[in-house]
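Chemist: just the structure for this:
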Amino acid sequence: MKSEVIRILQDLNFTEYEAKAYLALLDKSPLTGYAISLNSGVPRSKIYEVLNGMVERGDIMISHEDPSLYTPLQPQELIKLKKRKLVSSLEAAETALSHYSYVSLNRENIWNITGCEAILSRTAEAINRATGRILLEIWTEEAKLLESELRMAAERGVEILIVVYGELQFDFAQVYPHDSSEEITQEYGGRWIVASIDDREVVAGVVSLGADSRAAWTMHPGLVMPITEVIIHDLYIYEMMQAHRETLEHTFGPDLIELRKKYNIGPSGYSMAMKLGLENPLPNKGI
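Modeler: Below you'll find the predicted structure:
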């Protein structure tokens, strides 16, 4: 019978020595480590290592006397403790493995999203999965629509950095206003969103065309890295402008307008808007 109980305890993550020590304490307690060794058959050279591990797990308790005395957690309480730990471990495993499966299934795909509402919904879902850092390049209108999800992410301890076109006051995020927001909106004829979540997944696309808005969502590392770098690049520019605005504007014009003219397709950016299909954008307001 005793050997069967030892086997059952081993199924509960006890070692053979731990099971023998626990049963010895159920027969008689409190006991010193020396007495437990004698009563259980656990070698004296191993008994304190065994008992310390059981104390750390909460299977037995120790008194602060000299010598120390040990007493077992009663069987009913032990079973409750093991159940709680097992349920907690299973829930953690379920979350971790489902996330792993989710990432594995989507790592190589690039998904098209149509419609502003669907784009913002997918962005919100990604924000809800964030655990480390969110990088966001966005206009004020769409940022306010994602405020609730972003605030909850911040409350989970997620770092949030936002490059915003327009004005935005979020007390839970680091907000970096982009220079010449109105001019850029006019140049490109619309608004877009670029979101990088934990440097692992991105949503990027145009959001100012209502039902005709288009974006992509992906975990493909070949796209996640360069799209994330787009946002980081704008953070670099912000920092440099804060520190050296006078010098940079002396060379490249107000808000670096000469650089934009040089690298846009056409001085006004209108050709880029044509290529993106934004030549007839919706009014510049929230959707």
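Chemist: how close does E4 sit to A19?
Modeler: Here the criterion is C-beta to C-beta, to the nearest Å. By it, E4 lies 11 Å from A19. To be clear about C-beta, it is placed using only N, CA and C from the backbone, and glycine gets the same treatment.
Chemist: what about those two, which has more around it?
Modeler: Using other C-beta atoms under 10 Å as the criterion, E4 and A19 rank with A19 on top: 23 against 8.
Chemist: so which strand or helix has that one?
Modeler: Using DSSP states H and E, A19 sits in helix 16-27.
Chemist: same thing with K82?
Modeler: Assessed by DSSP H and E, K82 sits inside helix 75-106.
Chemist: after that helix, which helix or strand is next?
Modeler: Using DSSP H and E, the helix or strand that follows helix 75-106 in sequence is strand 110-114.
Chemist: what strands line up against that following strand, and which way round?
Modeler: strand 214-218 (antiparallel) (DSSP bridges).
Chemist: pLDDT averaged over the strand it pairs with - what is it?
Modeler: Here strand 214-218 scores 93 as its mean pLDDT.
Chemist: residues in contact with that strand?
Modeler: Residues outside strand 214-218 that contact it (C-beta atoms under 8 Å, 6 or more residues apart in numbering) are 106, 109-114, 119, 122, 126, 193, 201-207, 223-224.
Chemist: just the buried ones from the residues you listed?
Modeler: Buried by 16 or more other C-beta atoms under 10 Å: 113, 119, 122, 126, 193, 201-207, 224, out of the contacts of strand 214-218.
Chemist: out of the residues you listed, which comes closest to Y34?
Modeler: Here the nearest of the buried ones among the contacts of strand 214-218 to Y34, counting by C-beta to C-beta, is E201; it sits at 58.2 Å.
Chemist: report the contact partners of that closest one.
Modeler: By C-beta under 8 Å, 6+ apart, E201 lies in contact with N106, A126, R129, W217, T218, M219, V224.
Chemist: can you pull out the helices in the stretch 101-250 of the chain?
Modeler: Using DSSP state H, counting those that start in this stretch, the helices of the stretch 101-250 of the chain run over 116-129, 140-145, 147-155, 181-188, 221-252.
Chemist: low-scoring stretches of this protein, by residue?
Modeler: Within the chain, the ranges that satisfy pLDDT under 70 run 1, 98-107, 180-189, 264-287.
Chemist: and it, what are its domains?
Modeler: Here the domain parsing of the chain from automatic domain parsing is 2-73, 110-276.
Chemist: in JSON lines, list the ones you listed along with distance to S89.
Modeler: JSON lines is the format used below for these (distance: least, C-beta to C-beta, whole Å):
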{"stretch": "domain 2-73", "distance to S89": "10"}
{"stretch": "domain 110-276", "distance to S89": "19"}
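Chemist: closest to E91 out of these?
Modeler: The closest of the domains of the chain to E91 is domain 110-276. By C-beta to C-beta, the value is 16.5 Å.
Chemist: just how off-centre is the closest one within its chain?
Modeler: Its chain's average C-alpha position is 19 Å from that of domain 110-276, according to C-alpha atoms, centre = their mean, to the nearest Å.
Chemist: off-centre distance for stretch 89-98?
Modeler: Between the centre of stretch 89-98 and the centre of its chain there are 15 Å (C-alpha atoms, centre = their mean).
Chemist: measure A130 to W111 for me?
Modeler: In terms of C-beta to C-beta, A130 sits 18 Å off from W111.
Chemist: swap that for Y22, sorry
Modeler: Between Y22 and W111 the distance, using C-beta to C-beta, works out to 54 Å.
Chemist: please apply the same query to L51.
Modeler: As defined by C-beta to C-beta, L51 lies at a distance of 55 Å from W111.
Chemist: now T71. Its backbone dihedrals?
Modeler: With angles defined as degrees, to the nearest 10, T71 sits at phi -140, psi 150.
Chemist: quick check, it in contact with S29.
Modeler: Yes. Between T71 and S29 there is a contact under C-beta atoms under 8 Å: 4.4 Å.
Chemist: buried ones in stretch 14-32, by neighbour count?
Modeler: Of all the residues in stretch 14-32, those buried under the rule 16+ other C-beta under 10 Å are 14-15, 17-25, 30-32.
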